[in-house]
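Chemist: just coords:
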């Protein structure tokens, strides 16, 4: 098939795990014999990060980068109003020229929602990597809790976010309901939240990650639990560190974020020698090395995680995951043992889950089998076929 993927960012010009997943997916489809194009915004990357030319290796994927005369103003206007001329022109010209069988949209908030409108005879698919379709700030996290009732006009400004004005108008929901053939949700929780407000079919298809390298370097640390991710309030990093205070368990933290300096001060002032902050790892293989030799990866998220890639990566190297009951985390952890879940409102339960894990002593080969049966590309492709993803229009 001839496939176009749209994404605000695309590696090496990217900032998050969802963008990496798009790259994995595009390259796997190329290996399967499909012709895959990706359209992304270099202007958006310039807006988020000081732009520098990066080494590009697209591994057979045909990549199209949008650079408009408006520069970084283009993605800002796309986000706040609707798709601007340069972005729409690039999308329309590419679709009309290449005549794709399938257009698959990913995180497109900085490309604007108008590119969801069909302009040809192709299957139109969207993957909900976040809650953008039903939440203007994308995360359903409101004043320290998971949002259950919309108060967007007050919530978004109070969180310091600009409001995407187009979400106030009927055309946004109409575009989604009348133009998309399929919405893919990477968790049962996401599926439920989208079905509350949208009329289209939503299919739960879990994310996937690549098979890990056969040889991974063992870190110098021993007998530790691991956190990998953003150092932000919604990730529960402060509560996690507090839970380890005074315990005889060791915690290693890999990540960056706005709470980095707060975390460093906390560890120093409170003398928490059993918690070690390592900063961000130098490479994905180093992260996988830390994961492989950890007792468990801990997901202390306060918000409704979707289908976190770090948990799938931990399973890929045979490492169990302990996490909160929020969002799509239970989808993953229940495959091993639901007793490894805890309430994000009561972190005192975490040490009980750790004690249970040490009694459980799960077999690494069993965890790797869970990964291959559920979170490998082979498993992902099977679910896509069942959903009619590869069926031509």
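Modeler: Perfect, I can see it now. Not measured: the values here are computed from a predicted model. Residues are numbered from 1 along each chain as shown.
Chemist: Now residue 66: phi and psi?
Modeler: phi -90, psi 120 (degrees, to the nearest 10).
Chemist: Secondary structure of residue 323: a strand, I assume?
Modeler: Yes - counting by DSSP: H, G, I helix; E, B strand; the rest coil, one finds residue 323 located in a strand.
Chemist: list the contacts for it?
Modeler: 298-301, 305, 311, 329, 332-333, 340-342 (CB atoms under 8 Å, 6 or more residues apart in numbering). Where C-beta positions appear, they are placed from N, C-alpha and C, glycine not excepted.
Chemist: give me that answer again for 6 Å
Modeler: Residues counted as contacts of residue 323 (CB atoms under 6 Å, 6 or more residues apart in numbering) are 299, 329, 333.
Chemist: what does residue 68 give?
Modeler: Residue 68 neighbours (CB under 6 Å, 6+ apart): 43, 74, 86.
Chemist: now do 10 Å
Modeler: 41-43, 74-75, 77-78, 84-87, 89-90 (CB atoms under 10 Å, 6 or more residues apart in numbering).
Chemist: want to throw those into JSON lines with pLDDT?
Modeler: As requested, those are exported to JSON lines (pLDDT from 0 to 100):
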{"residue": "41", "pLDDT": "94"}
{"residue": "42", "pLDDT": "92"}
{"residue": "43", "pLDDT": "91"}
{"residue": "74", "pLDDT": "90"}
{"residue": "75", "pLDDT": "90"}
{"residue": "77", "pLDDT": "89"}
{"residue": "78", "pLDDT": "88"}
{"residue": "84", "pLDDT": "87"}
{"residue": "85", "pLDDT": "90"}
{"residue": "86", "pLDDT": "92"}
{"residue": "87", "pLDDT": "94"}
{"residue": "89", "pLDDT": "95"}
{"residue": "90", "pLDDT": "96"}
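Chemist: before we move on, back to that, export the contacts of residue 323 to CSV and tack on secondary structure and neighbour count?
Modeler: Below are these laid out as CSV (DSSP: H, G, I helix; E, B strand; the rest coil; neighbours: other CB atoms under 10 Å):
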residue, secondary structure, neighbour count
299, strand, 27
329, helix, 27
333, helix, 24
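Chemist: in the stretch 51-200 of the chain, which spans are strands?
Modeler: For the stretch 51-200 of the chain, strands defined by DSSP state E, counting those that start in this stretch occupy the ranges 62-66, 102-105, 123-127, 141-142, 145-146, 182-185.
Chemist: any idea of the mean pLDDT in the fourth one?
Modeler: The pLDDT scores in strand 141-142 average 90.
Chemist: Then residue 282 would be within a strand, right?
Modeler: No - checked against three-state DSSP, residue 282 lies outside a strand; its state is coil.
Chemist: quick one: it from residue 219, how far?
Modeler: As judged by CB to CB, to the nearest Å, residue 282 and residue 219 stand 12 Å apart.
Chemist: And residue 32, by the same measure?
Modeler: 35 Å.
Chemist: neighbour count winner among the two?
Modeler: More neighbours surround residue 219 than the other of residue 32 and residue 219, with 18 against 12 (other CB atoms under 10 Å).
Chemist: Assign the more buried one to helix, strand or coil.
Modeler: Classified using three-state DSSP, residue 219 is coil.
Chemist: please begin residue numbering at 10 from this point
Modeler: Okay, using 10 as the starting number, the last item reads as residue 228.
Chemist: In terms of helices and strands, where is residue 390?
Modeler: Using DSSP states H and E, residue 390 sits within helix 386-395.
Chemist: buried sites along that helix?
Modeler: 386, 388-390, 392-393 (16 or more other CB atoms under 10 Å).
Chemist: Which member of those is positioned nearest residue 301?
Modeler: The shortest approach to residue 301 among those belongs to residue 386, at 19.9 Å (CB to CB).
Chemist: per-domain residue ranges of the chain.
Modeler: As assigned by automatic domain parsing, the chain contains the domains 11-217+386-395, 234-383.
Chemist: quick one on the thing from earlier: list buried residues within the contacts of residue 77.
Modeler: Using 16+ other CB under 10 Å, the buried ones in the contacts of residue 77 are 50-52, 83-84, 86-87, 93, 95-96, 99.
Chemist: which regions of the stretch 110-259 of the chain lie under the pLDDT threshold?
Modeler: For the stretch 110-259 of the chain, applying pLDDT under 70 flags no range at all.
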